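Trainee: Got a predicted structure here, sequence first:
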Amino acid sequence: MTARYPSVRRRVPASAITLSLLLAFAAQTAVAAEETTTATADAADSAAGDAAAQLDDDVSRGDIIIVTARRRQETAQEVPVAISVIRGDSIEATGNFNVVKLQQLAPTLQVYTTNPRNTSVNIRGLGVPYGLTSDGFEQGVGIYVDDVYNSRVAAATFDFLDVEQVEVLRGPQGTLYGKNTTAGAINITTNQPTFDFEGRAEVSLGNLNYRQAKAAVSGPLTDKIAARVAIAATSRRGTLFNVRTDRWINEQDNLGLRGQLLFQPSEDLSITLSADYSKQDPECCGTAFVRVGTTQRALNRQYDAIIARLQAANPNYNYIVPSRNVYDRLTDIDASLSAGNKIGGASLRVKWDVGPGTLTSITAWRFWDWQPENDRDFTGASVVSRSQNPSQQDQYSQEIRYNYEGDTVDFVAGLFAFRQRIDTQGTEQQGIDATRYSLAPSTDPNNVYNRPDVLNGLTATNTQFLKADSAAFYGQLSYKLTPELTIQPGIRVNYDKKEGFYQRVVTTGAGQVITSCAPSATAGNAVLTAQCGVYQPQLTQPSVSDWNFSYDLNINYKVAPDILAYATYAKSFKTVGINQNGLPLDTNNQPVLSASTVKPESVNHYEIGIKTQFLNRLATVNLSAFRTQIKNFQATVNGGQFGTVRGYLANAEKVVSQGVEADFKIRTSDRFTAYANAAFTDAKYKKFTSAPCPPELSGGTFQPANAAPDYSQPGVPGALSPRQCDISGQRLPGVSKWAFSYGAETNVPATLFAKDGQVYLGVDGNYRSHWNSNSSPSIYTEVKGYALTNFRLGFRGEGLDVFGWVRNAFDVNYIETLQVAPGNVGLIAGQPGDPRTWGGTVKFSF
């Protein structure tokens, strides 16, 4: 057998994302002030006075941090909410150039991705179920860019584009934001058009052929119209070498464009038209061999035995993995890879000062086009020769809200409407090795095992769409009972409707359509039985609608001018969901229609916190403690099959996440600043009695249906497997119990190129304790904890910043994700994190 190489595609790299470097806080205050828009500066001046030296709640630089978390401009320390604020220059300095990387600065944020579509963004362990993504559920963490909700979590993998700051809000935010968010929100604010001409440009180069270029220019077109244009491009060589294709994979290739037009006919009215477009076209996202964990499948049907038989049957083709050490960064996957995707849209924001408040309207359209190619078996064998589910998504949203600020009463009230449609055309096809990989071995030459044509070419073609509509009224009132004591109730009334369609057509390698996999059709037909064991035809058309009512109450008290204490209770819901990736089958190989929909999550959230500043406001310490209880938690159930129905949504009875968070920051002088953030998160399945079993309890003949599950023989080949497992009390996947981030920077006066400035040295790092990478925690998918450290050294002066950087300076080996290969063969594959990288950045601004 000859080697099966994917076609080599010509790729045009973009350029490089700015890995400026982290916390150039105190010494960059002047530069930040120059980049602030006129409107923001005016708001900051009006908010000055006693707040003039306040710091933000996360990594900042000792200047006033204005946030819009409560839909009005105020300093971060005045907001009675657990919030992290990361300024744009801090993002650039640390190289955390998208939401995925941002978790290195925000310990309570967990982001995991195996490709742009299968990305999980969680806060405090909550948000979306860990594992394969389904279009049929809502995100628990909302991502907003300039007030526009991004429904596709793939937005988290795109580079930040001309960002002013990012606010990470923890806890339910449904009474303040258009789309309901039960776990938190990521509020991204970009730099706005200015009536003063300004610009910036930067270039970064590094090892791994890392290149990035970024530029932005802003200024007036007339005395009432201003414009801003920004562009960013990044490229980098991959971090895994595929010996099968002689190529590096898992590369970076990102291009982004944004344009904004501001019309300000008067001081009371501003109209901003924005448009953006970003694309990625990397050869991604492949995996490497990590380990083999014994399942309950017969020993001769587990990974090592299967590969040995394939190699013996075809000695001219190398089935043996190139390395069993994942940190050698070698793989031999044989299917074509692509993670091509495009995202963009346009929005119109109108802000009008009407009476004592401000009326805001945001009209937006966004799209997402996903063109993937994957290797679903994680091996060099042609088991799944094709796996791709291209999707096209359009969303439309309209939000209208009114903000009022008074001496005693503030409030925000809004209406929100949202519509989206997602169309997906999926193809999954079995390869030449599928028969001997998936079926029980036999020496009988007439057995289906010895007929490669039985599964070779077997194809599942999926057609599906989702139509989702939602509407909401939300509002929050802030009433000062005394100058120190404020109560803040909020409500939300929400309506959601979802309609789905899923059809899978199964054809054999000879082109014959399989119409039924019922026992009456497969009886006495070994070939059809084998084929139906992989793919089964399905047709489902789920439809559901639901109303829910959410509310919250915050009480905050100004203990002293620089001490704010608060307590919050929130009752929230994540709306009803539908299964869009196919349904599990009953004993007659028919879809279980009762699994078409999943119940809404019911959330009870409790939180207390205190925000303090001392040492003449040079130091900040913020503390919070929380407990979130969720009934009917929407979890991912993975059946372990090769077939297209490899994961679907179901309800876990109860989940609890609780913990403590601390943020500390100090700026002793203009020459030194430091911060440290810590999070303890205890997130568990409080009750989940019908969960999928982990691989060590899977793969064998099922235990009797009416017998109590027996968990006493994990990893014993040939043992009987439980039909479902009770994982109550186990930790949620993807959540480290302990997480820390820290950073410091010092500088000394210096002159370079006749420019006065500072030479600075900075360090930042983060630590995460061990966590599990499977929806049902497994001994084989435990990811060890790790600590990463980054350094930077450079010079900054007026309009110039030049520095060198090294990330993961100590070249720590760590895992980003682990995946259980389908088929219950015991193969565990994964993606190692970035090795040590280094380079330099030059930034200019005027």
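Mentor: Yes, it's here. Numbering: from 1, shown residues only.
Trainee: Which residues belonging to the longest helix along the chain are considered buried?
Mentor: Scanning the chain for the longest helix, with DSSP state H as the assignment, gives helix 303-313. By neighbour count, and taking 16 or more other CB atoms under 10 Å as the criterion, the buried residues in helix 303-313 are 303, 305-307, 309-310. (Glycine included, C-beta is placed from N, CA and C.)
Trainee: and the closest residue to residue 79 other than its chain neighbours, what is it in contact with?
Mentor: Nearest non-adjacent residue to residue 79, counting by CB to CB, 6 or more residues apart in numbering: residue 69, 5.4 Å away. The contact partners of residue 69, taken as CB atoms under 8 Å, 6 or more residues apart in numbering, are 76, 79, 81, 83, 167, 169, 176, 187.
Trainee: And the helices in the stretch 501-650 of the chain, which stretches?
Mentor: 519-522, 526-532 (DSSP state H, counting those that start in this stretch).
Trainee: So which residues of the stretch 101-250 of the chain form strands?
Mentor: Along the stretch 101-250 of the chain, the segments classed as strands by DSSP state E, counting those that start in this stretch run 109-113, 119-123, 141-145, 148-150, 163-170, 184-190, 198-206, 210-220, 225-236, 240-242, 247-249.
Trainee: out of those strands, nearest to residue 328?
Mentor: Each of the strands of the stretch 101-250 of the chain was scored for nearness to residue 328 using CB to CB, and the closest is strand 240-242 (8.8 Å).
Trainee: neighbouring contacts of that closest one?
Mentor: When contacts are taken as CB under 8 Å, 6+ apart, the neighbours of strand 240-242 outside the stretch itself are 247-250, 286-288, 329-333, 831-832.
Trainee: After the longest helix of the chain, which helix or strand is next?
Mentor: Sequence order places strand 330-331 as the next helix or strand after helix 303-313, per DSSP states H and E.
Trainee: That following strand pairs with which strands?
Mentor: Using DSSP bridges, the strands paired with strand 330-331 are strand 240-242 (parallel).
Trainee: Compute the first-to-last residue distance for stretch 824-833.
Mentor: Across its full length, stretch 824-833 reaches 26 Å between end residues, using CA to CA, to the nearest Å.
Trainee: same check, this time on stretch 370-383
Mentor: 24 Å.
Trainee: give me every residue that touches the most centrally placed residue in the chain.
Mentor: In the chain, the C-alpha nearest the mean C-alpha coordinate belongs to residue 121, at 3.4 Å (CA atoms, centre = their mean). Contact partners of residue 121, counting by CB under 8 Å, 6+ apart, are 99, 109-111, 127-128, 139, 141, 143, 153, 156, 186.
Trainee: Let me have those in a markdown table, adding distance to residue 579 and neighbour count as columns.
Mentor: Formatted as a markdown table, the entries for these read as follows, by distance: CB to CB, whole Å; neighbours: other CB atoms under 10 Å:
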| residue | distance to residue 579 | neighbour count |
| --- | --- | --- |
| 99 | 26 | 26 |
| 109 | 28 | 24 |
| 110 | 24 | 27 |
| 111 | 24 | 25 |
| 127 | 19 | 25 |
| 128 | 15 | 22 |
| 139 | 17 | 25 |
| 141 | 21 | 28 |
| 143 | 24 | 21 |
| 153 | 18 | 23 |
| 156 | 23 | 22 |
| 186 | 27 | 25 |
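Trainee: Would you reformat those residues as CSV and include pLDDT and distance to residue 724?
Mentor: Converted to CSV, those look like this (pLDDT from 0 to 100; distance: CB to CB, whole Å):
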residue, pLDDT, distance to residue 724
99, 86, 34
109, 92, 32
110, 92, 26
111, 89, 29
127, 90, 25
128, 85, 22
139, 88, 27
141, 92, 29
143, 91, 34
153, 83, 28
156, 79, 32
186, 92, 35
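Trainee: circling back: list only buried entries from the contacts of strand 240-242.
Mentor: 247-250, 286-288, 329-333, 831-832.
Trainee: Among those residues, which one sits closest to residue 222?
Mentor: In terms of CB to CB, no member of those lies closer to residue 222 than residue 250, at 47.2 Å.
Trainee: Need the nearest residue in space to the closest one, chain neighbours excluded.
Mentor: Taking CB to CB, 6+ apart, and ignoring the residues beside it in sequence, residue 250 has residue 238 as its nearest neighbour in space, at 4.4 Å.
Trainee: my guess is that neighbour meets residue 248, correct?
Mentor: Yes: if you go by CB atoms under 8 Å, residue 238 and residue 248 touch, sitting 3.7 Å apart.
Trainee: Which residues are in contact with each of these two?
Mentor: By the contact definition CB under 8 Å, 6+ apart, residue 238 and residue 248 are jointly contacted by residue 283.
Trainee: one step back: can you add pLDDT and distance to residue 490 and give the buried ones among the contacts of strand 240-242 back as JSON lines?
Mentor: Rendered in JSON lines, the data for the buried ones among the contacts of strand 240-242 read as follows (pLDDT from 0 to 100; distance: CB to CB, whole Å):
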{"residue": "247", "pLDDT": "96", "distance to residue 490": "53"}
{"residue": "248", "pLDDT": "97", "distance to residue 490": "50"}
{"residue": "249", "pLDDT": "97", "distance to residue 490": "47"}
{"residue": "250", "pLDDT": "96", "distance to residue 490": "43"}
{"residue": "286", "pLDDT": "95", "distance to residue 490": "45"}
{"residue": "287", "pLDDT": "97", "distance to residue 490": "44"}
{"residue": "288", "pLDDT": "98", "distance to residue 490": "47"}
{"residue": "329", "pLDDT": "98", "distance to residue 490": "49"}
{"residue": "330", "pLDDT": "98", "distance to residue 490": "53"}
{"residue": "331", "pLDDT": "98", "distance to residue 490": "50"}
{"residue": "332", "pLDDT": "97", "distance to residue 490": "54"}
{"residue": "333", "pLDDT": "96", "distance to residue 490": "49"}
{"residue": "831", "pLDDT": "96", "distance to residue 490": "40"}
{"residue": "832", "pLDDT": "97", "distance to residue 490": "44"}
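Trainee: Looking at those, spot the one nearest residue 205.
Mentor: Closest to residue 205, out of all of these and judged by CB to CB, is residue 248, at 17.7 Å.
Trainee: Any figure for the gap between that closest one and residue 136?
Mentor: With the distance defined as CB to CB, to the nearest Å, residue 248 ends up 35 Å from residue 136.
Trainee: again with residue 70
Mentor: When CB to CB is applied, the distance between residue 70 and residue 136 equals 31 Å.
Trainee: Which residue, other than its chain neighbours, is closest to residue 289?
Mentor: By the measure of CB to CB, 6+ apart, the closest residue to residue 289 outside its immediate chain neighbours is residue 321, 4.4 Å from it.
Trainee: Touching, the one you found and residue 333? I think so.
Mentor: No: Residue 321 sits out of contact with residue 333 when judged by CB under 8 Å, with a separation of 9.9 Å.
Trainee: Touching both of these two, which residues are there?
Mentor: Common neighbours of residue 321 and residue 333, using CB under 8 Å, 6+ apart, are 379-380.
Trainee: Which parts of stretch 437-455 count as buried, going by neighbours?
Mentor: Residues of stretch 437-455 classed as buried: 437-439, 448-452, 454-455 (neighbour count, 16+ other CB under 10 Å).
Trainee: Can you check which of the helices of the stretch 501-650 of the chain gets nearest to residue 419?
Mentor: If we rank the helices of the stretch 501-650 of the chain by CB to CB, the stretch that ends up nearest is helix 526-532, at 37.9 Å.
Trainee: quick one: the strands in the stretch 251-400 of the chain?
Mentor: Shown for the stretch 251-400 of the chain, the strands assigned by DSSP E, counting those that start in this stretch span residues 252-266, 269-280, 288-292, 330-331, 338-354, 357-373, 384-388, 391-405.
Trainee: hang on, the earlier thing: closest to residue 206 out of the contacts of strand 240-242?
Mentor: Each of the contacts of strand 240-242 was scored against residue 206 by CB to CB, and residue 248 proved nearest at 15.0 Å.
Trainee: pLDDT value on residue 24, please?
Mentor: What the model reports as pLDDT for residue 24 is 31.
Trainee: Appreciated, that's everything.
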